[in-house]
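[1] just a sequence and a predicted model for now, questions to come.
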Amino acid sequence: MRRLRLLFLLPTASILLLLFAVPLGILLVYSCMTRGAYGGTMPPFTGENWLRVLDPLYVGIVGRSFLVAGVSTLICIVLGFPLALFISRSGARKNLYLSLVMLPFWTSFLVRTYAWMFLLRDTGLINTTLQSVGLIREPLPLLYNWWAVILGLVYGYLPFMVLPLFSTLERLDPSLMEAAGDLGARPFQGLLRVMLPLAAPGIRAGAILVFIPCLGAYLTPDLLGGGRTILIGTLIQNQFSNSRDWPFGSAISLGMMALVMVLLWIQVRRKGEPLL
């Protein structure tokens with residue numbers, strides 16, 4: 001039986017080894033090499049790239065990345081919870097509403113980001129409409145700032161919060177809220193003391209699914225931030241493209257990945273769940 005199990009796991013393990021472990025090994029080797037005169041890597045091996053990761057400039061970028069990812073995740077929780085609750089209580093129409101939540105995935109993420117650029121720019125739909133009705137005289141600075149980046153991240157990853165929350169809330173017995181009301185709890189108290197604790201697994205799953213992509217995003221900060229919002233994903237992308245500093249890009253990529261894995265490990269251990 002054990003041999004049969006290993007035989008079934010062999011294709012998946014081989015794919016993971018080829019597409020995950022091998023590239024990570026290449027990054028690890030690159031991170032310990034020296035940047036070539038015209039880019040790329042060359043001997044000798046050095047630990048200077050890992051020391052550069054601790055530079056206050058890059059530590060500040062990492063801190064801003066965590067802040068933006070955390071704010072985006074919190075907004076997704078605030079917006080996604082009532083939406084997921086509404087869908088879970090929609091009866092026969094829940095499949096329709098779920099399809100509408102997943103509908104944006106039918107369009108390229110790049111195209112949707114460009115659509116937000118056309119909406120938020122000075123001559124975009126929002127500013128043009130506000131000016132035409134006389135609410136503003138000059139265009140509002142809606143694009144190329146931190147709030148535009150957060151808006152793009154929330155829009156792009158909100159479905160990843162709604163779907164785990166819906167899966168959790170759908171299994172909750174509605175009579176629990178009725179029982180809380182019979183015991184004297186107001187609707188808001190029942191929400192805080194009954195529904196939210198029971199929905200905690202969905203909130204944690206959705207937070208992880210949203211936070212990690214937001215932390216490593218580079219397309220949204222680059223387009224909606226206009227080069228004024230440098231996050232860790234943009235920094236890594238620049239090292240491999242414009243700067244052609246592959247060793248430092250490899251080091252900061254692995255460092256960020258290790259930091260995220262440590263945080264996930266701490267979160268899992270706090271909840272008393274097994275790692276494997």
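    Right, received. Where do you want to start?

[2] mind showing which ranges of the stretch 151-276 of the chain have poor pLDDT?
    The stretch 151-276 of the chain contains residues with pLDDT under 70 at 270-276.

[3] whoops, I mixed them up, the stretch 1-150 of the chain
    For the stretch 1-150 of the chain, no range has pLDDT under 70.

[4] which residues of it fall in strands?
    Counting by DSSP state E, counting those that start in this stretch, one finds strands in the stretch 1-150 of the chain at the ranges 34-35, 41-42.

[5] just put these in CSV and tack on mean neighbour count and distance to Trp246.
    Glycine gets a C-beta too; all of them are placed from N, C-alpha and C. Converted to CSV, the strands of the stretch 1-150 of the chain look like this (neighbours: other C-beta atoms under 10 Å; distance: least, C-beta to C-beta, whole Å):
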stretch, mean neighbour count, distance to Trp246
strand 34-35, 18, 7
strand 41-42, 14, 5
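
[6] export the ones you listed to CSV and tack on distance to Thr73?
    Output for the strands of the stretch 1-150 of the chain, formatted as CSV (distance: least, C-beta to C-beta, whole Å):
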stretch, distance to Thr73
strand 34-35, 35
strand 41-42, 35
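
[7] relative to Met1, which of those is closest?
    Distance to Met1, taken as C-beta to C-beta, is lowest for strand 41-42 among these, at 46.2 Å.

[8] which one is Thr234 nearest to, not counting chain neighbours?
    Nearest residue to Thr234, sequence neighbours excluded (C-beta to C-beta, 6 or more residues apart in numbering): Tyr218, at 4.7 Å.

[9] what number of residues lie near the one you found?
    16 (other C-beta atoms under 10 Å).

[10] so for stretch 179-188, first residue to last residue, what's the gap.
    14 Å (C-alpha to C-alpha, to the nearest Å).

[11] list the buried ones in that stretch?
    Using 16 or more other C-beta atoms under 10 Å as the test for burial, stretch 179-188 gives 180, 185.

[12] same question, stretch 92-109
    Buried residues in stretch 92-109, counted by 16+ other C-beta under 10 Å: 97-98, 101, 109.

[13] in this structure Leu176 contacts Leu198, no?
    Yes: assessed by C-beta atoms under 8 Å, Leu176 is found in contact with Leu198 at 7.4 Å.

[14] out of the strands of the stretch 1-150 of the chain, nearest to Leu153?
    Of all the strands of the stretch 1-150 of the chain, strand 34-35 comes closest under C-beta to C-beta, at 31.2 Å.

[15] give the pairing partners of that closest one; include direction for each.
    Next to strand 34-35 in the sheet, as set by DSSP bridges, lie strand 41-42 (antiparallel).

[16] centre of the chain to the strand it pairs with, how far?
    Centroid separation for strand 41-42 versus its chain: 32 Å, with C-alpha atoms, centre = their mean, to the nearest Å.
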